[in-house]
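A.B. asks: how does the following fold in three dimensions:
(2 chains)
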Amino acid sequence: MARVRTGVRVVGAVLAAALGASLAGCSSTGGKRAEERAKAAAAGRPAVSTPRWTFAMVTHAGDGDTFWDIVQKGAKEAAAKDNINFVYAHDDQAQQQAQFVQNAIDQKVDGIVVSLAKPEALKDVIAKAVKAGIPVVTVNSGSAQSAEYGALTHIGQDEEIAGEAVGTELSERGRKKAVCVLHEQGNVGHEQRCAGAKKTFSGTMENLYVEGTNMPSVQASIQAKLQADPSVDAIVTLGAPFAPTAIKAKDAAASKAEVDTFDLNASVARDLRSGALGFAVDQQPYLQGYEAIDLLWLYRYNANVLGGGRPVLTGPQIVTAAEASKLEEFIKRGSR
Amino acid sequence: MSTHAAVDERLAPTSVVRKLLARPELGSVVGAAAVFVFFSIVAPSFLQASSLSTVLYSASTIGIMAAPVALLMIGGEFDLSAGVMVTTSALVSSMFSYQMTANVWVGVAVSLLVTLAIGFFNGFMLTRTKLPSFIITLGTFLMLTGLNLGFTKLISGSVSTKTIADMEGFSSARALFASQWNIGSVTLKVTILWWFAIVAVATWILLRTRAGNWIFAVGGGADAARATGVPVVKTRIGLYMGVALCAWISGQHILFSFDVVQSGEGVGNEFLYIIAAVIGGCLMTGGYGSAIGSAVGAFIFGMTSNGIVYAQWNPDWFKFFLGAMLLLATLLNAWVRKRAEARA
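C.D. replies: Purely as a prediction, here's the structure:
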């Protein structure tokens, strides 16, 4: 079978090349070893002696979402400090998310943290939790419904306010024509961000939808937009992974546009520091997870409630080159 | 009909026109021309050299996978795991290199072995269990989606890989998988070369080698093929490994071009590959199609998805335009083929 044999030959050739290249040894730069060398040891021991309560967190995160990973990390670290048994479940289907909340009620947990991306679907189950005497804190999305549904507090960023911050910043930077890149068609939060930015921006802003699960296609679409309209002088991406791709597209299209983004990650920090990115808007996901657990603990321990019935905002925080270098190590350890 | 006429027809030299009309990709070429003319008219910036290079890049990233997928479909099978396999391949290279602090090329080689093993698994399971390829590769698709996330989370502690751009071997690997040339305002990506080479090799295998005959025979009817001595099992496993090999190339491109890989990427792309192959004239039932057709299909896809942006249409309707254009291109393709077959 010619194809199999070709395959085997190719494997052989590449292996030989690879082994040849690595004969000199391992990579002396980068990699895990470098990370471990740089890693500061952080101990996760409880700081309090309250009973070991169980708090459940149920979010609408899809599989493999960087953002929710950081939220979860914040929640876990707060749980370790507060001597909490932390349980996490997530599903992007609202029905399944409601099921997970029901499971938590069945297990008689001591507190529930829930995100309300599709509030109506979770209304009944949250009412059940409240009726069963389980304190509920909502995070991230659902600031409008949180109090109405009986949650103690809402912790998150108002997407529209975050968008408005971007619009203001763009105007201050003297931009005239911006493109808002949405990587998930039909996501309400994304629409709100772009709408908010459009509201406060003094120039004109257009939306561009891209295929978020296909990076080459994201690049090609942004490139196409810039080639179609050379007067665009600002590109705003709604997620950190898309910022470096937008920079690539800008370079390939030989455009002078400034690239800005929502959310942070290591490459965003690097690009901010080098000036390839103008600014990033952070909603501090770590804080959302951390505060949710901590506030539940405070409620259990001391009957404290924060926010006075209004949402507690964790963003927007505008990050520029000046802050980037300071934040870089926190980003690397996954808490920013 | 007299036997005399039939003999005459067989002896008569076939004209170039008739040969062209009998090609499976003819319809898609007409469709591609129609899409090209359409966007040239409605989108002023579509015809710039720099725009066309963007379209070519977009097409190449689909086309690299569409060619082996077309061969597989000619062989009568599907691979629903192809999209996620690309991501798996990129994740393996990146994480192996990072965790072992190894030269990046070692990760690239390990990834090739892993990816080929997945292809072999698909083919082997298919021939062993006699289950439909839809089920087998759907299983692989789900398993890989879970493994991508699970392993990435387990190993790197987050859902995306860490940067390997500062590691040894990265720049030379980038040169092979993700380099680009700037000619004036035009940026040509190396994936375009990979794409052309893969289509050329696939066409050569299909039309000039014994393996090509086997692929057509297996897709036309596996039992009949087996009866005439075609190694059906080897052919099928080979086809799946061909898809895996190209998934490896695509995966390395994504890794070296974007440096950091998100574990959730690639889901849904398998359909783009199948769409490109079908637009290019592959029958969903197997036994008929071409590799060049898959390239034309990928090109149509690249033109459509970017042409909509060049035309600056209201983005709310983007997906609708995309679907309508693809449907129209495929219908035109089918219509031309019917006309061609009627005349031939």
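A.B. asks: C-alpha only now, for contacts and for neighbours.
C.D. replies: Will do.
A.B. asks: quick one, helices of the stretch 51-200 of chain B?
C.D. replies: B:82-100, B:104-129, B:133-156, B:170-178, B:190-208 (DSSP state H, counting those that start in this stretch).
A.B. asks: now do the stretch 151-300 of chain A
C.D. replies: According to DSSP H, counting those that start in this stretch, the helices that the stretch 151-300 of chain A contains are A:159-172, A:188-200, A:215-228, A:242-252, A:266-274, A:285-302.
A.B. asks: same deal with the stretch 1-150 of chain A?
C.D. replies: Ranges of helices within the stretch 1-150 of chain A are A:2-22, A:31-38, A:66-81, A:94-106, A:119-131, A:146-149, based on DSSP H, counting those that start in this stretch.
A.B. asks: and these, which one's lowest on average pLDDT?
C.D. replies: Mean pLDDT per stretch puts helix A:2-22 lowest among the helices of the stretch 1-150 of chain A, at a mean of 53.
A.B. asks: run the chain-centre distance for stretch B:149-166.
C.D. replies: For stretch B:149-166, the distance from its own C-alpha centre to the chain's C-alpha centre is 27 Å (C-alpha atoms, centre = their mean, to the nearest Å).
A.B. asks: apologies, that question was intended for stretch B:333-344.
C.D. replies: Put simply, stretch B:333-344 sits 25 Å off its chain's centre (C-alpha atoms, centre = their mean).
A.B. asks: what's next to it, contact-wise?
C.D. replies: B:Arg18, B:Leu21, B:Ala22, B:Pro24, B:Leu26, B:Gly27, B:Ser28, B:Val29, B:Val30, B:Gly31, B:Ile279, B:Gly281 (C-alpha atoms under 8 Å, 6 or more residues apart in numbering or on different chains).
A.B. asks: before we move on, what about stretch B:42-58?
C.D. replies: Identification of contacts with stretch B:42-58 by C-alpha under 8 Å, 6+ apart yields A:216-217, A:220, A:223-224, A:227-228, A:253, B:39-40, B:185-189, B:191-192, B:299, B:302-303, B:306-307, B:310-312.
A.B. asks: so who does the residue most central in space within chain A touch?
C.D. replies: Most central in chain A under C-alpha atoms, centre = their mean is A:Phe67, positioned 2.3 Å from the mean C-alpha point. Neighbouring residues of A:Phe67 by C-alpha under 8 Å, 6+ apart: A:Pro285.
A.B. asks: poorly predicted segments of the stretch 151-300 of chain A, please.
C.D. replies: Counting by pLDDT under 70, the stretch 151-300 of chain A shows no low-confidence range.
A.B. asks: who in it is up against chain B?
C.D. replies: Residues of the stretch 151-300 of chain A found near chain B (C-alpha under 8 Å from any C-alpha of the partner chain) are A:207-209, A:213-217, A:220-221, A:223-225, A:227-228, A:244-245, A:252-254.
A.B. asks: run the chain-centre distance for stretch B:177-185.
C.D. replies: Using C-alpha atoms, centre = their mean, the offset of stretch B:177-185 from its chain centre is 22 Å.
A.B. asks: what's the span of it, first residue to last?
C.D. replies: 22 Å (C-alpha to C-alpha, to the nearest Å).
A.B. asks: now it: mean pLDDT?
C.D. replies: Mean pLDDT, stretch B:177-185: 86.
A.B. asks: same check on stretch B:251-263?
C.D. replies: Stretch B:251-263 shows a mean pLDDT of 89 in the predicted model.
A.B. asks: mean confidence for stretch B:100-109?
C.D. replies: 94.
A.B. asks: from the chain's centre, how far out does that stretch sit?
C.D. replies: Centroid separation for stretch B:100-109 versus its chain: 26 Å, with C-alpha atoms, centre = their mean.
A.B. asks: how long is that stretch end to end?
C.D. replies: Start to finish, the residues bounding stretch B:100-109 are 14 Å apart (C-alpha to C-alpha).
A.B. asks: any buried residues in it, and which?
C.D. replies: By neighbour count with 16 or more other C-alpha atoms under 10 Å in any protein chain shown, stretch B:100-109 contains the buried residues B:Met100, B:Thr101, B:Ala102, B:Asn103, B:Val104, B:Trp105, B:Val106, B:Gly107, B:Val108, B:Ala109.
A.B. asks: restrict those residues to contacts with chain A.
C.D. replies: Counting by C-alpha under 8 Å from any C-alpha, the members of these near chain A are B:Met100, B:Thr101, B:Ala102, B:Asn103, B:Val104, B:Trp105, B:Val106, B:Val108, B:Ala109.
A.B. asks: among these, which two are most distant?
C.D. replies: Farthest pair in those (C-alpha to C-alpha) is B:Thr101 and B:Ala109. Separation: 14.5 Å.
A.B. asks: per-residue confidence at B:Leu11?
C.D. replies: Listed pLDDT for B:Leu11 reads 58.
A.B. asks: again with the one 5 residues further on
C.D. replies: What the model reports as pLDDT for B:Val16 is 73.
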